[in-house]
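Trainee: with the sequence up front, the predicted model follows.
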Amino acid sequence: MKDQKTKEWFHDTDFWNEFAPVMFDETRWAEVPIVADGIINFSGMEHTLKTGGKIVDLCCGMGRISNELARRGFSVTGVDITKSYLDAASEDAAAEHLSVAYIHQDVRTFKKPGYFDLALNLYISFGYFDEPEDDILFMKNIYDSLKPGGVFIIELLGKEIAARDFIEGEAFDRAGFVVATEYKILGNWEQLQNTWTISNDTFRAQKVFTQRLYAATEIKTMLLKPGFSSVTIYGGWDGIPYNEYARILIAVARK
């Protein structure tokens, strides 16, 4: 893992706080029940989870999904590196008397061997580490943290979708801001460089970051490597195939 003295871009708390209204607008909150339904359907573990099974939501952010799963009566742990997001998640959970264990930790170091029945990594929060080896480490830690028969569900921007829908940039209004984006492909489609700028009459902020892209075959190979026995790929939370009509890449790996 990269020496933490050299901070990676996602350690920038100001970024997460400044861009939160844009990243977590009404649309993202409205989709929560649909995503939660998809998680339960894909996992096939509703009975297990309702009878003491445990879920871990890695890179849980403000607890959109963690709190929704807790509302449904499941035991949930949320892990994230952004303290302000965890504080917001905990506050929302407390207001609804939900029991969610929120942990402030880098997901590359978080591991509870054989403890969880279901692990989640959602909202395209994978592929941002500086070192590709850390992606593999993350997968290994998840595998180790699952019980035998456990399931891992990951949602990403598949390389195929990134190529199909690629644009150089766009501008739009969202949550009271003008949002301007620029995109650039790096290293033979290895990474997508993102430049986001948000502004209104009194404020302007910009962030540049890169995202490692994986094709469905690549993410499947990566998941099988630590020992997952099977990997199924979907193109949306409604279970559509991962084909030319796919909206997102969702991989379901079983231990």
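Mentor: On my side now, so go ahead.
Trainee: next one, pLDDT for I55 please.
Mentor: Looking at I55, its pLDDT stands at 98.
Trainee: how close does it sit to H11?
Mentor: I55 sits 26 Å away from H11, going by C-beta to C-beta, to the nearest Å. Heads up, the C-betas are built off the backbone N, CA and C, glycines and all.
Trainee: which residue ranges make up the domains of the chain?
Mentor: Structurally, the chain divides into domains by automatic domain parsing as follows: 9-158+213-254, 162-209.
Trainee: out of the ones you listed, indicate the one that is most buried.
Mentor: Sort the domains of the chain by mean neighbour count, taking mean count of other C-beta atoms under 10 Å, and domain 9-158+213-254 sits at the top with a mean of 18.
Trainee: any idea how far it is from the middle of the chain?
Mentor: Here the centre of domain 9-158+213-254 is set off from its chain's centre by 5 Å, with C-alpha atoms, centre = their mean, to the nearest Å.
Trainee: nearest residue to the middle of this protein?
Mentor: Centroid-nearest residue in the chain, with C-alpha atoms, centre = their mean: L122, separated by 2.8 Å.
Trainee: check which helices and strands the helix or strand hosting F42 sits against.
Mentor: Per DSSP states H and E: F42 is located in helix 32-43. On a contact count with 3 or more C-beta pairs under 8 Å, 6 or more residues apart in numbering; DSSP states H and E, helix 32-43 meets helix 46-50, helix 64-71, strand 116-121, strand 146-156, strand 249-254.
Trainee: got the angle for it vs strand 146-156?
Mentor: Angle of helix 32-43 versus strand 146-156, following axes from the mean of the first three to the mean of the last three C-alpha atoms, to 10 degrees, is 130 degrees.
Trainee: now F74: closest residue in space that isn't a chain neighbour?
Mentor: In space, and not counting its chain neighbours, F74 is closest to L49: 4.8 Å by C-beta to C-beta, 6 or more residues apart in numbering.
Trainee: which residues does the one you found contact?
Mentor: Residues in contact with L49 (C-beta atoms under 8 Å, 6 or more residues apart in numbering) are I40, S43, I55, F74, S75, D117, L118.
Trainee: over to V56?
Mentor: Counting by C-beta under 8 Å, 6+ apart, V56 touches V76, T77, G78, V79, K112, F116, L118, A119, L120, S145.
Trainee: now these in TSV, with distance to A88 and pLDDT?
Mentor: Below are the contacts of V56 laid out as TSV (distance: C-beta to C-beta, whole Å; pLDDT from 0 to 100):
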residue	distance to A88	pLDDT
V76	16	98
T77	17	98
G78	11	98
V79	15	98
K112	24	98
F116	23	98
L118	23	98
A119	22	98
L120	18	98
S145	25	98
